[in-house]
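A.B. asks: Here you go, sequence then predicted model.
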Amino acid sequence: MTDYLGEGWQTLLSKNNLATYGSLWRLKADWFEEPNIRRGGWSGVVKVSLKQTNDDPVFIFIKRQENHLSRTWRHPIKGAATFIREYNNLRLFHKYDIPTPELVYFGARSNNGKPQAIIATKELVGYQPLNVLLHKSGSSMIIGSKHRQALFKETAKVLYHMHQHRIQHNSLHPKHIFAKPLGDNWDIRIIDLETAKRRVFKQTASLRDLATLRRQMTELTDKEQITFFKAYVNEAKLSIKSKKLWSQIKNRILKKSK
C-alpha cells in the first residue's frame, strides 16, 4: 500500500524531521493514552508539537501499532492492521464530504512478519466532544438554549448525510462527535472510524447508529431526544415512516438493556 501524505504537510514534517515512515516510527514521545495491548500486538498514540517559523506550533496526533489486527472480508483469517481500516474510512468520509479530523500521514509496513501501521491527524483545536458540550457542568462553555438547538441540528445534519451514503459509524458514542462553535452555528467532526462500514441499506446504518447514540446521550431529556431526531429526519412533525424508525430505535435499546 502506498504511503499517504496530506496536501501541504510535506514542508512542515520535513522541517521537524518527521517526513518519513522511519522517522515517525522511531519518534520518542510520551504516550497520550496508555497503549492498547492485545494478542501479541500493541497500539498507541502520542501528541506532537510541530515547530513553524515565527508561528504558533501545530499539534498532530500520531498513532502507531504493531501486530494489532482486525479480521476483514479481505483478510478473514490473519486479519489486517486496524489503522488500514481507519485510513480507508477517512478517505471514504472525505470522498463524501463527511467532516473528520484532517489526515496528515498514513503508512504501513511489515517487520519480521508483524504488520505495522502509522496514521497521523491534525489536532481538533477548539473542539469538544458532544457528551462534554451537552453536560452543562462539564463544559468550559455555557450553551444557551438557541445555541444548543443549533448543535442538535448541525450534528443531526452531518449524521443524516453520512447515513445517506450507507455509511455506519458502528460505535457512535457522543465522545466520537466533536463540535466547535462558529458564531451561531457549529462545525462538526466525526472521529474514531476504525469500525465504520458501508451497509447495503441506509436504514440499517441509521438504525444501528441512532440507537447507540440515543442510549449514550444520557444528558438529554426525552423531549430533547425527540427534538434531535426531528432535526435528523428534518421534520417538524414526524411522518409515519419516521415514527416507525423512532419505534425501532426504542425497541433496539430495550433489547440491549435486557
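C.D. replies: Yes, it's here.

A.B. asks: tell me the contacts of residue 13?
C.D. replies: Neighbouring residues of residue 13 by Cβ atoms under 8 Å, 6 or more residues apart in numbering: 5, 19, 50, 104-105. Backbone N, C-alpha and C define where each C-beta goes, glycine included.

A.B. asks: swap in residue 47?
C.D. replies: Neighbours of residue 47 in contact, by Cβ under 8 Å, 6+ apart: 29, 32, 59-62, 123.

A.B. asks: For residue 172, which non-adjacent residue is spatially closest?
C.D. replies: residue 209 (4.3 Å; Cβ to Cβ, 6 or more residues apart in numbering).

A.B. asks: and which of the contacts of residue 47 is nearest residue 15?
C.D. replies: residue 60 (13.1 Å; Cβ to Cβ).

A.B. asks: before we move on, the earlier item: residue 167 is in contact with the residue nearest to residue 172, correct?
C.D. replies: No: here residue 209 lies out of contact with residue 167, judged by Cβ atoms under 8 Å, at a distance of 9.1 Å.

A.B. asks: out of those two, which sits in the busier spot?
C.D. replies: residue 167 (24 against 21; other Cβ atoms under 10 Å).

A.B. asks: give me the beta-bridge partners of the more buried one?
C.D. replies: residue 198 (DSSP bridges).

A.B. asks: now do residue 105
C.D. replies: Bridge pairing for residue 105 - DSSP bridges - gives residue 5, residue 120.

A.B. asks: What is the burial count for residue 194?
C.D. replies: The number of residues near residue 194, taken as other Cβ under 10 Å, comes to 16.

A.B. asks: Tell me the secondary structure at it.
C.D. replies: The assignment at residue 194 comes out as coil when based on DSSP: H, G, I helix; E, B strand; the rest coil.

A.B. asks: which element is the nearest residue to it once chain neighbours are set aside on?
C.D. replies: Closest residue to residue 194 apart from its sequence neighbours, by Cβ to Cβ, 6+ apart: residue 86 at 4.5 Å. Secondary-structure assignment from DSSP states H and E places residue 86 in helix 82-95.

A.B. asks: tell me the average confidence for that helix?
C.D. replies: What helix 82-95 shows for mean pLDDT is 93.

A.B. asks: what's that helix in contact with?
C.D. replies: By Cβ under 8 Å, 6+ apart, the list of residues contacting helix 82-95 reads 1, 4, 43, 63, 65, 68-70, 72, 99-100, 103, 106, 108, 117-119, 121, 162, 167, 190, 193-196, 198.

A.B. asks: Which other helices and strands does whatever helix or strand the residue nearest to residue 172 lives in contact?
C.D. replies: When elements are assigned from DSSP H and E, residue 209 belongs to helix 202-216. Helix 202-216 sits against helix 145-164, strand 167-168, helix 222-233, helix 240-257, with contacts defined as 3 or more Cβ pairs under 8 Å, 6 or more residues apart in numbering; DSSP states H and E.

A.B. asks: In TSV: those, plus mean pLDDT and distance to residue 23.
C.D. replies: Formatted as TSV, those follow (pLDDT from 0 to 100; distance: least, Cβ to Cβ, whole Å):
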stretch	mean pLDDT	distance to residue 23
helix 145-164	95	34
strand 167-168	98	33
helix 222-233	95	44
helix 240-257	93	45
